[in-house]
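Participant: Generate a structure from the sequence data that follows.
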Amino acid sequence: MWFIIAFIAFFLLAIAAVIDKFLLTKSRIVPVSYAFYAVFLGALASSALLFFSRDFYFPQAELGTLVMGGVAFYFGLYFLFLAVQKSEVSKVNPLSISLTPLFVFLLSLFLAVEFFSAPKFLAILLIILGSYFLSQVGLPKTRLTSQGWLFILATCLMFAVSNTFSKIAYNELSFITAFVWLRWISLATALIFTVVFGGWRAALDLKEIETKKNRQKWLAFAIGQAAGGLGVILMQYAISLGSVTIVTALNGLQFFFVMLIVYVLSKFYPQILREDIQRRFVWQKVFWSLVIFSGVMIILI
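Facilitator: The predicted model follows:
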């Protein structure tokens with residue numbers, strides 16, 4: 001059950017990643033603005049889940065856990081956009097997605113949230129390695145700055161803290177109660193951080209939207225966030241049902257889905273997206289895809 005939900009979640013996140021890949025590389029990144037709207041839309045979407053809950057309440061006993069998870073989620077997004085601003089999105093996303101499971105593994109082990117057998121740990125490593133190298137096939141070799149690495153590691157740490165404490169909250173509360181409070185706390189963090197550090201004007205500057213080009217940019221951003229938002233909800237639900245480390249590692253599947261989406265769009269809808277797929281890279285992509293699915297099969301056995 002949790003695997004099917006995670007599978008769908010990462011397909012939706014792949015759609016969001018395809019949009020972000022071309023949106024973020026062609027746009028000027030304002031981290032405080034992007035993080036604010038991502039959290040705002042996430043809180044808005046999560047609030048809709050209240051229509052499906054009959055036991056929503058203020059969980060005073062678990063408030064500390066929720067605050068840790070919610071605050072860390074916002075700063076994970078903020079550091080992610082800072083990393084993209086300082087480096088290349090084609091490097092930042094794969095590294096953050098590939099390294100976060102290692103942080104989750106260490107943190108969940110330290111907090112005694114979960115433990116793994118040797119085969120499961122091997123599966124996690126295969127997925128991490130396969131997903132990263134698949135994402136890098138055909139890309140020119142570039143070096144990240146020390147500042148870029150710092151923001152990437154901060155991103156991984158924050159997302160690891162968020163996912164681990166979210167898992168603890170899901171173990172104690174109903175999924176909807178925990179998830180909604182986590183997203184509301186993330187939004188509260190965004191509001192406080194934006195006001196205190198003077199990013200309010202940048203976050204609410206909507207003058208750009210007046211031009212047709214920028215309206216299209218914001219429409220693409222909204223579509224990407226909608227797909228990403230639903231993907232996050234399903235991913236978090238999968239975490240609540242299964243292993244936080246394994247589900248986080250399976251996020252690497254989105255690189256496989258991105259490869260398929262880009263191929264389909266390039267072949268059948270080149271007016272939307274055109275990307276040359278060189279034959280010499282095909283077998284490399286097939287190999288690393290097989291590495292990923294080897295890890296997946298070990299998990300399912």
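
Participant: what sits against Leu290?
Facilitator: Gly130 (C-beta atoms under 8 Å, 6 or more residues apart in numbering). Using the backbone N, CA and C atoms, a C-beta is placed for each residue, glycine as well.

Participant: Mind listing what's buried along the strand or helix carrying it?
Facilitator: Assignment of secondary structure by DSSP states H and E places Leu290 within helix 279-300. In terms of neighbour count (16 or more other C-beta atoms under 10 Å), helix 279-300 has its buried residues at Lys285, Trp288, Ser289, Val291, Ile292, Gly295, Val296, Ile298, Ile299.

Participant: for stretch 47-63, same thing?
Facilitator: So, applying 16+ other C-beta under 10 Å, buried residues of stretch 47-63: Leu49, Pro59, Glu62.

Participant: Which one of those residues is nearest to Asn93?
Facilitator: Nearest to Asn93, judged by C-beta to C-beta, of the buried residues of stretch 47-63 is Leu49 at 26.8 Å.

Participant: right, and the closest one touches Val180 too?
Facilitator: Yes - between Leu49 and Val180 there is a contact under C-beta atoms under 8 Å: 6.0 Å.

Participant: Mind listing what's buried along stretch 39-46?
Facilitator: Buried residues in stretch 39-46, defined by neighbour count with 16+ other C-beta under 10 Å: Val39, Phe40, Leu41, Gly42, Ala43, Ala45, Ser46.

Participant: ok, now stretch 187-201?
Facilitator: Residues Leu187, Ala188, Thr189, Ala190, Leu191, Phe193, Thr194, Gly199 are the ones in stretch 187-201 that count as buried (16+ other C-beta under 10 Å).

Participant: Return the residues in contact with the second one.
Facilitator: By C-beta under 8 Å, 6+ apart, the contact list for Ala188 reads Gly70.

Participant: now it: how far from Tyr74?
Facilitator: Counting by C-beta to C-beta, to the nearest Å, the separation of Ala188 from Tyr74 is 9 Å.

Participant: which residues do the two both contact?
Facilitator: When contacts are counted by C-beta under 8 Å, 6+ apart, the set common to Ala188 and Tyr74 is empty.

Participant: So which residues of the chain form helices?
Facilitator: Here the chain has its helices, by DSSP state H, at 2-25, 31-47, 63-86, 89-110, 118-136, 146-172, 175-196, 200-203, 212-241, 244-250, 253-268, 279-300.

Participant: so how far is the fourth one from its chain's centroid?
Facilitator: Read that as helix 89-110. 10 Å (C-alpha atoms, centre = their mean, to the nearest Å).

Participant: Likewise for the third one?
Facilitator: Taking C-alpha atoms, centre = their mean, one finds the center of helix 63-86 at 11 Å from the center of the full chain.

Participant: Go through it and flag the buried ones.
Facilitator: Buried residues in helix 63-86, counted by 16+ other C-beta under 10 Å: 65-86.

Participant: That one packs against which elements?
Facilitator: Helices and strands touching helix 63-86, as assessed by 3 or more C-beta pairs under 8 Å, 6 or more residues apart in numbering; DSSP states H and E, comprise helix 31-47, helix 89-110, helix 146-172, helix 175-196.

Participant: Looking at those helices, which is nearest to Ile239?
Facilitator: Of the helices and strands packed on helix 63-86, nearest to Ile239 by C-beta to C-beta is helix 146-172, at 5.5 Å.

Participant: could you give the angle of that closest one to helix 212-241?
Facilitator: 50 degrees (axes from the mean of the first three to the mean of the last three C-alpha atoms, to 10 degrees).
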